[in-house]
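# Kindly return the folded structure for what I paste below:
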Amino acid sequence: MHLEVSNVYKQFDTRNGPLVALKDINLHVETGEFVCAVGASGSGKSTLLRLVAGLDSPTAGEITVDGAQVVGPGSDRGMVFQSYTLYPWMNVQQNAEFGLKLQGISKTERRQRASEYLDVVGLSKFARALPKELSGGMKQRVAIARALANQPKILLMDEPFGALDVQTKETMQLFLLDLWRRTGTTILMITHDVEEAVFLSQRIYVMTARPGRIQKEVLVDLTGDRTYDTKRKPQFQDYKHDIMDILRGKPDEALIA
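Predicted coordinates for the structure are as follows:
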């Protein structure tokens, strides 16, 4: 899998005239990578992810997946939003099967595939439960299972843990890392949380405020397995502080890269 975003420019027409959301965006994601784009509000992170998902089109530039131009939504790209986007009248199993049903997959196959991914995210015992019976973290795991059931080439995540409390968020971060290691899923995730980006990803694209641009590409090379204690290590804090300095507009000579 190779995702390429080349010279992407996005402009919106508003009452007050043109608004440039993204300018000269170039990035790539390779098979099995976990990549984050981090930036403050107004940096165009969500706009960028919507373009990659095919939910909107760039004003200029090109986005390709394995050489094929992105011109709309496709099953090769799974999407997980900050809101859980579960259908409240459907149980967990039905929610996990929904994308497969839209593709016309047979009832037997979609039940099997959805069940497999519910097992992957640890929710097999809750297959008959309704969303209102689940915690926030469990709802997001259902959303992830639904996206993975379509077997996408890349999973796109739009601040998936932004609505969770701190403790649940940390639990979900560890869950996502474990899921990534076990499945080999390629992930592109956007977040405003620098600590989260450093903890989860192998590479980080640091975005400036409007118009959104890639200010820096940072290779995250942390030693050892990533656990709760990782966030306390000096090496982790160095990454975090240096990226924060870039976001604040300070010189980045000291950045680890």
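# how many neighbours does Lys153 have?
By other Cβ atoms under 10 Å, the residues close to Lys153 number 18. (Each C-beta comes from the backbone N, C-alpha and C, glycine too.)
# That one contacts Arg77, doesn't it?
Yes. When contacts are counted by Cβ atoms under 8 Å, Lys153 is listed as touching Arg77 (7.0 Å).
# Now for the two: what residues contact both?
Residues touching both Lys153 and Arg77 (Cβ atoms under 8 Å, 6 or more residues apart in numbering): Val65.
# Just the element for the nearest residue to Pro152 once chain neighbours are set aside, please.
Distances taken as Cβ to Cβ, 6 or more residues apart in numbering place Gly78 nearest to Pro152, at 3.7 Å, with adjacent residues excluded. Using DSSP states H and E, Gly78 sits in strand 77-80.
# quick check: mean pLDDT across that strand?
Across strand 77-80, the average pLDDT comes to 93.
# Return the alpha-carbon coordinates of it using CSV.
C-alpha atoms of strand 77-80 as CSV (Å, rounded to 0.1, in the frame of the first residue of the first chain):
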residue,chain,number,x,y,z
ARG,A,77,-10.0,3.4,2.8
GLY,A,78,-11.7,2.8,6.1
MET,A,79,-12.8,5.8,8.2
VAL,A,80,-13.2,6.2,11.9
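# Next secondary structure after it?
helix 92-102.
# mind listing the strands in the chain by residue range?
Taking DSSP state E as the test, the strands found in the chain are 2-14, 17-30, 34-38, 60-65, 68-69, 77-80, 154-158, 187-191, 203-207, 214-219.
# What residues of the longest helix along the chain count as buried?
Using DSSP state H, we find that the single longest helix of the chain is helix 166-183. For helix 166-183, a neighbour-count test (16 or more other Cβ atoms under 10 Å) marks Thr168, Lys169, Glu170, Met172, Gln173, Phe175, Leu176, Leu177, Leu179, Trp180 as buried.
# Ser83 and Gly162 touch, don't they?
No. The criterion here is Cβ under 8 Å, and Ser83 misses it with Gly162 at 9.2 Å.
# related to what we said a few turns ago, minimum distance to Leu247: which of the strands of the chain has it?
Across the strands of the chain, Leu247 has its closest neighbour in strand 203-207 (6.7 Å, Cβ to Cβ).
# Okay, now the sheet partners of the closest one, with direction.
Sheet pairing for strand 203-207, assigned by DSSP bridges, gives strand 34-38 (parallel), strand 214-219 (antiparallel).
# Can you point out the buried residues in it?
Per 16+ other Cβ under 10 Å, strand 203-207 contains these buried residues: Arg203, Ile204, Tyr205, Val206, Met207.
# Okay, angle between that strand and strand 187-191 too, please.
If you take axes from the mean of the first three to the mean of the last three Cα atoms, to 10 degrees, strand 203-207 sits at 40 degrees to strand 187-191.
# Can I get strand 203-207 in PDB, CA atoms only?
Only the C-alpha atoms of strand 203-207 are listed here, as PDB (Å, rounded to 0.1, in the frame of the first residue of the first chain):
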ATOM      1  CA  ARG A 203       6.200   9.300  11.900                       C
ATOM      2  CA  ILE A 204       4.500  12.600  12.500                       C
ATOM      3  CA  TYR A 205       3.600  15.400  10.100                       C
ATOM      4  CA  VAL A 206       3.500  18.700  12.000                       C
ATOM      5  CA  MET A 207       1.000  21.100  10.500                       C
END
